[in-house]
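Asks: My questions are about this predicted structure, shown below with the sequence.
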Number of protein chains: 2
Amino acid sequence: MSDTARGTSRRYGTRPTMKDVAARAGVGLKTVSRVVNGEPGVTPDTERRVQEAITSLGFRRNDSARILRKGRTASIGLVLEDLADPFYGPLNRAVEEVARSHGALLINGSSAEDPSREQELVLALCARRVDGLVIIPAGDDHRYLEPEITAGIATVFVDRPAGRIEADAVLSDNYGGARDAVAHLIAHGHRRIGFIGDQPRIHTARERLRGYHAAMAAAGLPVDDSWVSLGSTAPDRVRAATTTMLDAPAGVTALFAGNNRVTVTAVRVLRERPRPVALVGFDDFELADLVRPAITVVTQDPADMGRTAAGLLFRRLDGIEDPPRSTEIPTRLIARGSGEIPPSED
Amino acid sequence: MSDTARGTSRRYGTRPTMKDVAARAGVGLKTVSRVVNGEPGVTPDTERRVQEAITSLGFRRNDSARILRKGRTASIGLVLEDLADPFYGPLNRAVEEVARSHGALLINGSSAEDPSREQELVLALCARRVDGLVIIPAGDDHRYLEPEITAGIATVFVDRPAGRIEADAVLSDNYGGARDAVAHLIAHGHRRIGFIGDQPRIHTARERLRGYHAAMAAAGLPVDDSWVSLGSTAPDRVRAATTTMLDAPAGVTALFAGNNRVTVTAVRVLRERPRPVALVGFDDFELADLVRPAITVVTQDPADMGRTAAGLLFRRLDGIEDPPRSTEIPTRLIARGSGEIPPSED
DNA sequence: CCGTTGATTGACAACGTTGTCTAGAGGCTA
DNA sequence: TAGCCTCTAGACAACGTTGTCAATCAACGG
């Protein structure tokens, strides 16, 4: 009678369990568990027999069962806004790196800037019993997380703060960065400066707007309503807003772009115009130094944000119980040319 | 006596289970399960009582237990080379999108181009019993996956084929794309064309090299060994290789860059040189059209690759049992300027 | 030679859920 | 009214692992 027919037959799609390994090696179930987990108290000889059974059966421990038994999943969730946005690449990678160094897996998904999808995703991760969550929030009401946090799921918000609950957050200095950017343009002689930003629903967009106003006010400059445009960052809208601001009588002579998507579109639009227009963008991007003029930007450090957030998360998981705190990551202005263009005379 | 002391007391960090909900609602365990899963056979009145208990306790189903019981995890794994590489952003997103449309979660991680790390990550995902895997391989021997595939974990390779095993693969037409790129340069008068590529260990690098040779041979052009440089894509090495090729007596008049990282470094190097040098890059990248000259590229479609791979994966999960097949995604040459520069006279 | 120690090993329950099976209530038909 | 059927509901086992505890055995000191 063949080996497979001897009671331990395996159908396609069925995996051997510790029980099978134990039977094959002629030892008890718990002994297999000991070998698999490298626990002490197993003779070299027994261990060898078990190892042989493991390789010959192709056994691999079922982590679902292990998780169920142990309570900890050794995995964390990352919810971000758009997996394809280059800004989040380094952040994603940094979080993964930290998770890895703590022996945890990373489960992630993107909310596509949709609050209900964010919630759905977060709760799915909670149902999986991830140990912790790093969230770049799309919505502004996170009370739905309260039971989860009470139940012990550590949560750190990145890039934007949590809404309506107390929670750790790691944020860029959006206000200060925007103020610096606009002050830079003012220092180069501009008095009519346009701001094209993201939807005001988004915290970073509001903060950057606040920085814009602060810089203008500090220089004693008035702000005309038509110089500010907030809304979708779809190329069409940004293109229209830019053109309108520039073409108006006494239009703006410089632009401050509220994020990398806006900046890129603005560069394309400015390309087509007869006169050079000064531009400073929020967020750095690859090749910003190769375009002519090279683009002056206020840069955030997404890798640092990810690292900081994940580090904080694992400190929480280690049992640190301080009250929630907000960490601010500084921004830096990099002058490359586009921000130093003087106002063009009409 | 307070409610919490009545036997259902909850410590911080403990979660209510279906048993707790059942006790609170005064029904049986299985009835709670029915309500949670929307199964029929529950009176509206009972259902209401259970729902109340669920919300008041903040119950959320433990998916680890569910997975253990049901066997299917409704999650797939994605292993890629570098989460921060912009090329993989759209691919990542496309895979997530497809997973989502099938109600599955995405677990991912990056191998950092290290075969042992790839294996470690893949096996960790298998231990979690993901239903399927999408892998951008770093190594070239995937026999370690055989027991997993036999056990029923569907696997699709993307961007590069599996090594030493039969498996589905979704690949770009690297050979054809490279041939087209080089033929394009030849058509614009170049006879001495350099190729700077990735490590020959990597399948795509070999295929692109093959395309380079094919185009040269088809035009009856000789290839000098010094015109080909394969190795790390670190900026330093690429810079050195580029400079050497261009500065040699009878050096190359055009460059074919083997991937986006090489292209970007090449653009920086060419910037600093007195004479224009023709350049075609493999992979498109944002702003390639804004640099002057705009960069001519052979573009792949990473989103399409991700979509195709994930689609294939889910077809496998639905039980389609065809033999493994390799799907090729076409590439497209986009002429923007840098590839149409004629050879400079010495 | 016996009691003690320490090392190795396995039996068993438990983690929280779902599938199966059976019990009971109530309505319908003959 | 007896017999049958339908519908709701719960008891129980099982998924594969790990923690607890007790049993066995060899070696050793007295």
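Replies: Good, I have the coordinates.

Asks: so where do the strands sit in the stretch 151-300 of chain A?
Replies: Listed in chain order, the strands of the stretch 151-300 of chain A (DSSP state E, counting those that start in this stretch) span A:154-158, A:168-172, A:193-197, A:228-230, A:254-257, A:278-282, A:296-299.

Asks: One more: the stretch 1-150 of chain A?
Replies: Shown for the stretch 1-150 of chain A, the strands assigned by DSSP E, counting those that start in this stretch span residues A:75-80, A:105-110, A:132-135.

Asks: Are the second one and chain B in contact anywhere?
Replies: Yes: applying CB under 8 Å from any CB of the partner chain, one finds strand A:105-110 touching chain B at A:105-110. The way it works is simple: take the backbone N, C-alpha and C, and place the C-beta from them, glycine included.

Asks: still on that earlier bit, relative to DNA strand C, which of the strands of the stretch 1-150 of chain A is closest?
Replies: Distance to DNA strand C, taken as CB to the nearest atom of the strand, is lowest for strand A:75-80 among those, at 16.6 Å.

Asks: and the strands of the stretch 151-300 of chain A as CSV, adding mean pLDDT and distance to chain B?
Replies: Converted to CSV, those look like this (pLDDT from 0 to 100; distance: least, CB to the nearest CB, whole Å):
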stretch, mean pLDDT, distance to chain B
strand A:154-158, 97, 11
strand A:168-172, 98, 17
strand A:193-197, 98, 18
strand A:228-230, 97, 22
strand A:254-257, 98, 14
strand A:278-282, 98, 12
strand A:296-299, 98, 13
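
Asks: so what's the residue nearest to A:Gly41 when sequence neighbours are not counted up against?
Replies: The shortest distance from A:Gly41 to any non-neighbouring residue, by CB to CB, 6 or more residues apart in numbering or on different chains, is to A:Arg34 (6.4 Å). For A:Arg34, the contact set (CB atoms under 8 Å, 6 or more residues apart in numbering or on different chains) comprises A:40-42.

Asks: and of those, the nearest to A:Thr233?
Replies: Of all the contacts of A:Arg34, A:Thr233 sits closest to A:Pro40, with 57.9 Å by CB to CB.

Asks: Any figure for the gap between the closest residue in space to the closest one that isn't next to it in sequence and A:Gln51?
Replies: Among residues not flanking A:Pro40 along the chain, A:Arg34 sits closest, at 7.9 Å (CB to CB, 6+ apart). A:Arg34 sits 12 Å away from A:Gln51, going by CB to CB, to the nearest Å.

Asks: Would you map the helices across the stretch 101-250 of chain A?
Replies: Ranges of helices within the stretch 101-250 of chain A are A:115-127, A:146-150, A:174-187, A:203-218, A:235-247, based on DSSP state H, counting those that start in this stretch.

Asks: and the residue of the stretch 151-300 of chain A found nearest DNA strand C, how many neighbours?
Replies: Among the residues of the stretch 151-300 of chain A, A:Ala151 lies closest to DNA strand C, at 10.8 Å counting by CB to the nearest atom of the strand. Close neighbours of A:Ala151, defined as other CB atoms under 10 Å in any protein chain shown, add up to 18.

Asks: Just say which of the strands of the stretch 151-300 of chain A is most tucked in.
Replies: For the strands of the stretch 151-300 of chain A, the largest average neighbour count (mean count of other CB atoms under 10 Å in any protein chain shown) is found in strand A:254-257, namely a mean of 29.

Asks: Give me the sheet partners of that one and which way each runs.
Replies: Within its sheet, strand A:254-257 is paired with strand A:193-197 (parallel), strand A:278-282 (parallel), according to DSSP bridges.
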